[in-house]
Every structure is written in structure tokens, then in C-alpha cells.
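J.: would you be able to build a 3D model of this:
(chains A, B, C, D, E and F)
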6 protein chains.
Amino acid sequence: MNDDLYKAGLEVRREVLGSSYVDASLAAATDFSRDLQEYVTQYCWGDIWNREGLSHRDRSLINLAMLTALNRGHEFKAHVRGALNNGVTRGEIKEVLMQTAFYCGGPAALESFRLAAEVFDS
Amino acid sequence: MNDDLYKAGLEVRREVLGSSYVDASLAAATDFSRDLQEYVTQYCWGDIWNREGLSHRDRSLINLAMLTALNRGHEFKAHVRGALNNGVTRGEIKEVLMQTAFYCGGPAALESFRLAAEVFDS
Amino acid sequence: MNDDLYKAGLEVRREVLGSSYVDASLAAATDFSRDLQEYVTQYCWGDIWNREGLSHRDRSLINLAMLTALNRGHEFKAHVRGALNNGVTRGEIKEVLMQTAFYCGGPAALESFRLAAEVFDS
Amino acid sequence: MNDDLYKAGLEVRREVLGSSYVDASLAAATDFSRDLQEYVTQYCWGDIWNREGLSHRDRSLINLAMLTALNRGHEFKAHVRGALNNGVTRGEIKEVLMQTAFYCGGPAALESFRLAAEVFDS
Amino acid sequence: MNDDLYKAGLEVRREVLGSSYVDASLAAATDFSRDLQEYVTQYCWGDIWNREGLSHRDRSLINLAMLTALNRGHEFKAHVRGALNNGVTRGEIKEVLMQTAFYCGGPAALESFRLAAEVFDS
Amino acid sequence: MNDDLYKAGLEVRREVLGSSYVDASLAAATDFSRDLQEYVTQYCWGDIWNREGLSHRDRSLINLAMLTALNRGHEFKAHVRGALNNGVTRGEIKEVLMQTAFYCGGPAALESFRLAAEVFDS
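T.: The predicted structure is shown next:
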């Protein structure tokens, strides 16, 4: 493991997803899942999210769109929270999801609207 | 058909994809394909792209990410051109695609980098 | 919004999915989700489902196949109900899903059989 | 191999995709690909397509929708030919694809319209 | 139905997924779902899994990877159990899923790690 | 960039995909694509492929299955070459693809058989 990358990633991850969410993930890590946590923290958060050239707000927008297209509801919900933390408004989240209705199809958008509403209500 | 929506859509579509591209699409329309052209122009360009709350530049970013996730190379290339027309820089396109490498997987990102380079080279 | 298209769409949507289902959707609409409800009602139900050239029964058949391929269980279940309302028999639903077993793969068909059975049992 | 199922499958396959297409597939079979040809002929054509309860015309409709959703252009084109052989009109093919525009998303429909037009033009 | 293929398939299916799981599936079969059970038992278990040239252990490895890519959680969990029955270790399951993190993307891997842990805990 | 990880990755990548293929990729790298090449070389080849617990031969098998499911033909072909370099036989490649016929669906398998045959013929 690259300790610097991991440490940098952990910091961004806390900032975006919230410290309580990240603490829960770390506490839940087992011998089985620990390697994946390190992989994600280093390469996604430490590398990609730390890159210059695109703001965290922009990265949140494209994640909401991608995770809708990929049909990955669990991560989508985490990134709705992340988007709010990164300053994306509910109105902007609505706009991203309206656009998925055309490109990914209606059923994909309906599902993401439902999941986003669950996050807002919690 | 809703003529106002169609007309508004045609205008945005020309602005984003370029008049020559749109003229070619319209000229190629047949009895078979005309209804789809009208569907796309009205509902995608006339409605979604004309909505407030998200800039055209932001809409281009999320399209590049979605079309990579959806594995739709032909539309992806059209929207690389659209992104450039909307003021997205090559550096920002690179950032979006780097982010797809983690979320959509390496093979998806490799394909989109190849397709984007083809657009840049043409 | 195009009121005529919306009104026409609402009528078809009630006919296919049932008035109680549609009333529940409308009652649940919020500032966040209302635009999508209008998008779906106008363009999907008011436009596509109102087109001539293919019966509602045929449109139900292809929806069951598409929603299985797209892995969208929530909408799939709504359209199992819709198919029954459109005169598709349980035997025909079985046939569509048997065909998905070859084209979409066994796991997709197994999931859709499970979800359809849940609808039949409710 | 189950010879009866294979023989029955070959007959349906010829009827739907055309004898020249099937002859070309069989002639091209190698030690590498022969098992798959037998798998497809027996289980897809001999079993699924020979089942009662849904006409060949209906099976063609749902295949066009599924293959669009699955993003499998090569098989999609073969089944556009098959649909025409099974009595599906070009107008009905258009209707199926218009419906994919909403459910599978615009880019999926645009691709299938392009591929279907290539078949019509050949 | 081909009785020999069905019988052979049932045997492999019991061996891989466990007799209690298979008995439950058979007992739950209805007029609606029985044909699919027979399709799966004959063609998947009786044919594919009975083929020589790849061990059951190898077939389990590739199933875990495919089912992650296909986003089919229910079947994925059944095949985690199957993999353990076929002698795949938890460490090897971890390795397959780590590899999906790069090729299928992080969200796909995170979901499969969660589902596999649920199987281990039960 | 982590130089050690990059160097280790380059070595494995050469071993699996062949030095001429990798040299061509490196020579073709531009300011636009270089970051992705480094991302892939470090995290996929330097990290995942260098992990213990699964042989390169096993990793090749699951890649063929995943890339079929993901519908990524370009990478699939590169990994057919990689599989042969890692000692996977043509017969084993056939077995993996036969298994995709059931799980990913017939059209996916047909495409991968075609692409693998192109690699064998070249």
C-alpha cells in the first residue's frame, strides 16, 4: 500500500461522504474486504478525486449520471449525499436525473429519483 | 408534433452539435427515421437541453460520462464535438474520462479515450 | 408543458397501469419529482403509447422483454400488471420470459420469473 | 447432441433467418465454434422458437427490443431480417424502435434505427 | 424435455448449489415457473456444467466475475455458495472480486463484496 | 505516479499482452491519453495482476468472461492474446465462452466467438 496516497484519499473521502460514513466503512472492514477498501481509498479518492482540472462539484454531477447508467443504487445513494456535501443543490441533482431520463431511459431515471428522495427524506 | 418545441430543439441542437452535422441528419431522414428525429429534437433538445438549472457545459460533462457507461460510441463521439462547442476543454474531457476509469471500469475508459482522440484528430 | 399531450398520456397511463397506481404516483409527486412525472406522462404515455401501428398488447410484450434486459425490476413489476390489463395472458408472459432466458441469459430470466410471480401472488 | 432438437431447430432457423444465412453459418463452423452453433440451434431455435403460446411474429418483435437494450448490433441486424421474414412490417419495426427510445434511452434507439436502415438498404 | 439431460443436470446442480437449495427450488416450481426450471437444469447444468475441458472450480471463478459484471445479485449469492462447494477458497473469491474492481468498476466490486460477506455470515 | 508500481506493472503487462503490443501503446500515448496509460499500468497491472492468490491463467479466464459480459470487444481481443500467452488453451477459451452463452445470453457469446476467431486467424 502507498501510505501517502491512502492518507490523501481518506481525507477526500471523509470530506465528500462524511466522516461518520467513512468511519463506519473502516470499522466494518474485515480480512475479506480490507483490500478493496484500500484499493478504493487510494486509487479512487487519493488519485482520481484529488486530480486537478475538475472541481469536486463537477465530479459529483458526473457520478450521479454514471451511477444511474450503471444501475448501482447503493453507491448512487452515497453519492447523492456526497453531491450535497460538495455544494450541489437539490435542483441541480434534479437536472442531472432529468437528463438521464432521455439518455439512459425512463426506468433508470425513475429509480434514481426514488433513491435520491430516500436520501433527502433521511 | 409540437412545432414550438421542435423549433426550439433544432436551435439548441445546431448550437451544440453544429449546423452541418444537424443538416446532414435532417437531409438523411427518411419515412422510417423521421419520427425518431422529431422525438429526439423535441424531447431531448427542445425540452431537456433547454431546461434551466444546469449549464450546457455541465450537461456536456455528464453526457460524456453517461455515454461511456452506456457503451454508445457513435453518440459519444457526437457529444465530444458538442462538449468542445460548449466550451469544455480537452483537459476537462480527459478528467471526465479518467473518472470513468474507476467507476465504469478500465475497458470503458480505454474505449472512450480512443474515440475522443479520433474526434480530436479529425 | 403540453397540456393536451399530458392529458392524453394520463388517460393511457391509467388504462394500462390502473387508476389507483397512477393516483398514488401523482399524489406522491413533490417539487423534486414532479417534472419527471410530467416528462414520462407526456412523452412516454402521451406520445409513444398513443402511437398507432402497434397494439397496447404488443407494446406490453416488448416492455417485459426490454425491462428484463435492462435489469429494472421496479418498472418490470408495474408492466407485468400493465400487461395483464392489456390482455396479455400469464402464459404469454411466461413465453416472453422464456425467450429472455436465451437472449439475456439465465440469471435475467430467473429474476423476472421471480418478480412476475410476486405480482401474480399479490 | 440431441439430433431431433437440432434438426427441428435448424428448420426454424432457416425459416426465420433464411437458408443462405444459415448455410453460411454452418459452412463457417470450425472445431472452435461448432459447439456454440449446436447449442444455439438446439436450445434457442429448436426449443424456444418452437414453443407454442407466442407467434414467430411476436417473438421477432421482442427480439428487436431486447437486442437494442443489450447493445448487440450484429444479432440485431440478423433479427431485422428475421422479423421481415416473419411478416413484421417496416412500420412495426419502426414502432418497436420508437418505444426503445423511451425505455432504453435515445442513443440506443438511434443506433438501432441506423442498423435497421442498413438492412433495408442491402 | 430430454430426461437424461435433465437428470444429469439435476445431479450437478445438487452437487454445486447443495441439495437443500435445489429441493427448495423444485418444491417452489409452479405451472408458471416449471418450464424455466427445466430449461436451466437441462441446458445450463446438464450441458454446460457437464462439459469437459474446464473444472467446476474454474467454472465457479468465471461465474462470480460474470454475475458481478451482469449486476445479478441473487444469482451471485447462490454462486458464492456454489464456489465454496466447488473448493474455491474465500481468499480466491476475494481475488476474483478485486479483479472486478478494475474491469467492471468500483461500484460493481463493492456490491459483490457486500453480497459475498452476507453469504459468509449466514 | 508511483514509479515502482508503474515499473512492476509494465513488466506484467509486457508478459501478458506481449512487448510489441505494449510498446505500441506507449509510443501512441499523447498528453491526452498518458495519464490513463499510467493509471492502467499501475493499478491494474502493477497492483491487481501482481497480487498473489490467483494465477495469471485464472485471471485470464475470468477476464474473458467479464469482457464478454461487459460488451467490450477491443479489450476482449487483447485478452484473448493475453490468455494464450498465459497458457490458456484454445479449448479452454471455448469452454469459457460456451459458459457465457448461458449466463450472458446467446448474442454475447456469438460475438465473443467471432472476435476470438479473428485473433486466432491473425
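J.: could you use CA atoms for every contact and neighbour count after this?
T.: Fine.
J.: do stretch A:72-92 and chain B come into contact?
T.: Yes: residues of stretch A:72-92 contacting chain B under Cα under 8 Å from any Cα of the partner chain: A:91-92.
J.: before we move on, what about stretch A:96-111?
T.: Yes: Stretch A:96-111 comes into contact with chain B (Cα under 8 Å from any Cα), by way of A:96, A:98-100, A:102-104.
J.: nearest to chain B: which residue in chain A?
T.: residue A:62 (4.7 Å; Cα to the nearest Cα).
J.: picking that back up, list buried residues within the residues of stretch A:96-111 next to chain B.
T.: Among the residues of stretch A:96-111 next to chain B, those classed as buried by neighbour count (16 or more other Cα atoms under 10 Å in any protein chain shown) are A:96, A:98-100, A:102-104.
J.: tell me, what residue is most central in chain A?
T.: residue A:79 (3.0 Å; Cα atoms, centre = their mean).
J.: secondary structure, distance to residue E:49 and pLDDT added to the residues of stretch A:96-111 next to chain B, as a markdown table?
T.: As requested, the residues of stretch A:96-111 next to chain B are arranged in a markdown table below (DSSP: H, G, I helix; E, B strand; the rest coil; distance: Cα to Cα, whole Å; pLDDT from 0 to 100):
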| residue | secondary structure | distance to residue E:49 | pLDDT |
| --- | --- | --- | --- |
| A:96 | helix | 44 | 98 |
| A:98 | helix | 44 | 98 |
| A:99 | helix | 43 | 98 |
| A:100 | helix | 39 | 98 |
| A:102 | helix | 41 | 98 |
| A:103 | helix | 38 | 98 |
| A:104 | coil | 35 | 98 |
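J.: what about chain D: which of the residues you listed touch it?
T.: A:102-104.
J.: what number of residues lie near the closest residue to residue A:22 other than its chain neighbours?
T.: Nearest non-adjacent residue to residue A:22, counting by Cα to Cα, 6 or more residues apart in numbering or on different chains: residue A:14, 6.0 Å away. By the criterion of other Cα atoms under 10 Å in any protein chain shown, residue A:14 has 16 neighbours.
J.: need the pLDDT of residue A:14.
T.: Residue A:14 is assigned 96 on the pLDDT scale.
J.: for chain F, see how far away it is.
T.: Distance from residue A:14 to chain F, counting by Cα to the nearest Cα, to the nearest Å: 22 Å.
J.: pull the residues that contact the helix or strand of chain A with the lowest mean pLDDT.
T.: When the helices and strands of chain A are scored by mean pLDDT, DSSP states H and E, helix A:19-28 comes last with a mean of 90. With Cα atoms under 8 Å, 6 or more residues apart in numbering or on different chains as the contact definition, helix A:19-28 has outside contacts at A:13-14, A:37.
J.: right, is stretch A:96-105 up against chain C?
T.: Yes: contact of stretch A:96-105 with chain C (Cα under 8 Å from any Cα) involves A:98, A:101.
J.: next up, phi/psi of the residue of chain A most remote from its centre, please.
T.: What lies farthest from the middle of chain A is residue A:31; by Cα atoms, centre = their mean that is 23.9 Å. As for residue A:31, its main-chain torsions (degrees, to the nearest 10) stand at phi -60, psi -30.
J.: how many neighbours does residue A:23 have?
T.: Neighbours of residue A:23 under the rule other Cα under 10 Å: 12.
J.: and if you look at the one 5 residues further on?
T.: Here the number of neighbours of residue A:28 (other Cα under 10 Å) works out to 10.
J.: who touches stretch A:113-122?
T.: Residues contacting stretch A:113-122 (Cα under 8 Å, 6+ apart): A:73, A:76-77, A:80-81, A:94, A:97, C:32-33.
J.: which among those residues count as buried?
T.: Buried by 16+ other Cα under 10 Å: A:73, A:76-77, A:80-81, A:94, A:97, C:33, out of the contacts of stretch A:113-122.
J.: can I get the residues of stretch A:96-111 next to chain B in JSON lines with distance to residue E:19?
T.: Putting these into JSON lines (distance: Cα to Cα, whole Å) gives the following:
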{"residue": "A:96", "distance to residue E:19": "47"}
{"residue": "A:98", "distance to residue E:19": "47"}
{"residue": "A:99", "distance to residue E:19": "48"}
{"residue": "A:100", "distance to residue E:19": "44"}
{"residue": "A:102", "distance to residue E:19": "46"}
{"residue": "A:103", "distance to residue E:19": "44"}
{"residue": "A:104", "distance to residue E:19": "41"}
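J.: hmm, the helix or strand encompassing the residue of chain A closest to chain B in reach of chain C?
T.: If you go by DSSP states H and E, residue A:62 is part of helix A:56-70. No: shown here: helix A:56-70 not in contact with chain C (Cα under 8 Å from any Cα), separated by at least 10.2 Å.
J.: next, the angle from that helix to helix B:56-70.
T.: Orientation of helix A:56-70 against helix B:56-70 (axes from the mean of the first three to the mean of the last three Cα atoms, to 10 degrees) gives an angle of 40 degrees.
J.: right, and the helix or strand after helix A:56-70?
T.: Proceeding N to C from helix A:56-70, the next assigned helix or strand is helix A:73-85, under DSSP H and E.
J.: in terms of helices and strands, where is the residue nearest to residue A:22?
T.: Per DSSP H and E, residue A:14 falls inside helix A:3-17.
J.: packing partners of that helix?
T.: helix A:19-28, helix A:73-85 (3 or more Cα pairs under 8 Å, 6 or more residues apart in numbering or on different chains; DSSP states H and E).
J.: what about 6 Å?
T.: Judged by 3 or more Cα pairs under 6 Å, 6 or more residues apart in numbering or on different chains; DSSP states H and E, helix A:3-17 is in contact with helix A:73-85.
J.: quick one: distance of the helix it packs on to the chain centre.
T.: Taking Cα atoms, centre = their mean, to the nearest Å, one finds helix A:73-85 lying 5 Å from the centre of the chain it belongs to.
J.: any part of that helix near chain C?
T.: No: Helix A:73-85 stays clear of chain C (Cα under 6 Å from any Cα of the partner chain), getting no nearer than 11.2 Å.
J.: the inter-axis angle of that helix versus helix A:19-28?
T.: Going by the same axes, to 10 degrees, helix A:73-85 makes 140 degrees with helix A:19-28.
J.: list the buried ones in stretch A:19-35?
T.: Neighbour counts over stretch A:19-35 (16+ other Cα under 10 Å) mark A:22, A:33, A:35 as buried.
J.: just how off-centre is that stretch within its chain?
T.: For stretch A:19-35, the distance to the chain centre is 16 Å (Cα atoms, centre = their mean).
J.: repeat for stretch A:9-26
T.: Centroid displacement of stretch A:9-26 relative to its chain, using Cα atoms, centre = their mean, is 11 Å.
J.: what's the answer for stretch A:52-60, then?
T.: Here the centre of stretch A:52-60 is set off from its chain's centre by 12 Å, with Cα atoms, centre = their mean.
J.: try stretch A:87-103
T.: Distance of stretch A:87-103 from its chain centroid, counting by Cα atoms, centre = their mean, is 15 Å.
J.: list the contacts of that stretch.
T.: Here stretch A:87-103 makes contact (Cα atoms under 6 Å, 6 or more residues apart in numbering or on different chains) with A:109, D:105-106.
J.: show me which of those neighbour chain E.
T.: Okay, of the contacts of stretch A:87-103, nothing touches chain E (Cα under 6 Å from any Cα).
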